[in-house]
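Asker: Okay, structure incoming, though there's no sequence with it:
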DNA sequence: TTGTTGGTTCAAAACTTTTTGAAACTTCAT
DNA sequence: ATGAAGTTTCAAAAAGTTTTGAACCAACAA
């Protein structure tokens, strides 16, 4: 397979994967492009390679920086900004977990707390409180598991844990 | 808090959470409604409660059955079908992992295999093959970790594992 | 066989999200 | 102070996704 073809395939697939991961298509494609680029790229380079508008490039680059998946690289005597991707996969996944936990799991935990104070003596209410309690328990476990995962280092993940569960 | 209010809040939040989990809003809302319902519900009941059309209800109920999150309950002498949610959270999460692994991780693994055969002696190609190899390694680990998770039972997850990583 | 109840399908409409592109802004060199 | 090179913003357009509802199909009772 030719390099160009492989690059394109990777960028497209990474984009598709991103879509189902709360990372929009273009954002994921920019990330893919930077991942496989040996040099930092400018906004212009990215627009050019992916055939996207300046506004789109700018917004998604900033979102990636926000998520901690891309870094700005400033060069002495250059006004324009260059961008590099975080290339360590474990760090990438950690940053995604942090963002999604904050955006999804934490608000849900808050709602579960609020609604577990339902007072009512119907059979319906009983079932309601019961299942909410179970979901809360489970979510709290997930929450602290993710916390530990994020604190744990890559070696632990790829080594000990893998052996343990095999 | 009143029961009605709590139910609504839960259904809305579960719907929002679903959106960022590859499960569409209505699909997640139907699942939420069934989760907190002590009785199986008919399609009609669901349409009524969530104020959605027959077509929408039908499609999303079937998607939930597909995902293994909802079961059909047939009653002797009743032509209409009733639906119950899988209420064990560990099972719910397992089923979601299975679906998403199949839809997302597996196609990515296939693409990574295809593109790691890139032949070219540029610096770019070197970096490309290197990072692809790293991503492949990581994805394979994730893949087998998820396999083990799915095989593991709930107690293992909530017990041993939790203690270990604390 | 016909009418009624319930399930399924799918094209069009409504809604949501993403992308564009032009204007505004910033920084710096002249 | 002006212009060049770059970045940011955002309203409108395009693209993508979900929902509706009406037509159709199936099972059954009368």
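Answerer: Structure received. No experiment lies behind these values; they were computed from the predicted model shown.

Asker: Could you break chain A into its assigned domains?
Answerer: Domain ranges of chain A: A:3-85, A:89-165, per automatic domain parsing.

Asker: does any part of the last one sit near chain B?
Answerer: Yes: residues of domain A:89-165 are located near chain B by Cβ under 8 Å from any Cβ of the partner chain, namely A:89-90, A:93, A:100, A:103-104, A:107-108, A:111, A:114-115, A:117-120, A:122-128, A:131-132, A:134-135, A:138, A:141, A:144-145, A:148-149, A:152, A:157-158, A:161-162, A:164-165. C-betas here are computed from N, CA, C, even on glycine.

Asker: Can you tell me which of those residues are classed as buried?
Answerer: Buried subset of those (neighbour count, 16 or more other Cβ atoms under 10 Å in any protein chain shown): A:89-90, A:93, A:100, A:104, A:108, A:111, A:115, A:118, A:124-125, A:127-128, A:131-132, A:135, A:138, A:141, A:145, A:149, A:157-158, A:161, A:165.

Asker: Enumerate every residue touching the residue nearest the centre of chain A.
Answerer: The C-alpha lying nearest the average C-alpha coordinate of chain A belongs to residue A:96 (Cα atoms, centre = their mean; 2.5 Å). Neighbour list for residue A:96: A:21, A:23, A:67, A:69 [criterion: Cβ atoms under 8 Å, 6 or more residues apart in numbering or on different chains].

Asker: same for DNA strand C: which of these are within range?
Answerer: By Cβ under 7 Å from any atom of the strand, no member of the contacts of residue A:96 lies near DNA strand C.

Asker: Sort out for me which of those residues are in helices.
Answerer: Within the contacts of residue A:96, no residue falls in helices by DSSP state H.

Asker: Residue A:77 should be in a helix, yeah?
Answerer: No: assessed with DSSP: H, G, I helix; E, B strand; the rest coil, residue A:77 is coil; it does not lie in a helix.

Asker: would you list every one of the strands in chain A?
Answerer: Secondary structure of chain A (DSSP state E): strands at A:41-42, A:70-73, A:82-85.

Asker: Let's see the pLDDT reported for residue A:119.
Answerer: pLDDT for residue A:119: 87.

Asker: and the closest residue to it other than its chain neighbours, how many neighbours?
Answerer: What sits nearest to residue A:119 in space, not counting adjacent residues and going by Cβ to Cβ, 6 or more residues apart in numbering or on different chains, is residue B:1, at 7.1 Å. Neighbours of residue B:1 under the rule other Cβ atoms under 10 Å in any protein chain shown: 13.

Asker: Cross-check the contact I'm expecting between residue B:1 and residue A:117.
Answerer: Yes: the criterion here is Cβ atoms under 8 Å, and residue B:1 meets it with residue A:117 at 5.1 Å.

Asker: Do stretch A:20-29 and DNA strand D come into contact?
Answerer: No: judged by Cβ under 7 Å from any atom of the strand, stretch A:20-29 stays clear of DNA strand D, getting no closer than 8.0 Å.

Asker: measure that stretch end to end?
Answerer: End-to-end span of stretch A:20-29 (Cα to Cα, to the nearest Å): 13 Å.

Asker: Going by neighbour count, list what's buried in that stretch.
Answerer: Judged by neighbour count using 16+ other Cβ under 10 Å, the buried positions of stretch A:20-29 are A:21-24, A:26-29.

Asker: and the residue lying closest to residue A:25 once chain neighbours are set aside, what does it touch?
Answerer: Nearest residue to residue A:25 in three dimensions, chain neighbours excluded: residue A:15, at 4.7 Å (Cβ to Cβ, 6+ apart). Applying Cβ under 8 Å, 6+ apart to residue A:15 gives the contacts A:25-26, A:28-29, A:32.

Asker: what would those residues look like in JSON lines with pLDDT?
Answerer: Compiled in JSON lines, those are given as follows (pLDDT from 0 to 100):
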{"residue": "A:25", "pLDDT": "95"}
{"residue": "A:26", "pLDDT": "98"}
{"residue": "A:28", "pLDDT": "97"}
{"residue": "A:29", "pLDDT": "98"}
{"residue": "A:32", "pLDDT": "97"}
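
Asker: Need the contact partners of stretch A:55-63.
Answerer: Applying Cβ under 8 Å, 6+ apart, the contact partners of stretch A:55-63 are A:24, A:26-27, A:30, A:43, A:46-47, A:50, A:70, A:83.

Asker: got a winner among these for most neighbours?
Answerer: Tallying neighbours with other Cβ under 10 Å puts residue A:30 at the head of these, with 32 neighbours.

Asker: about what we covered before: show me which of the contacts of residue A:15 is closest to residue A:54.
Answerer: Checking those against residue A:54 with Cβ to Cβ, the nearest one is residue A:26 at 12.5 Å.

Asker: Sounds good, over and out.
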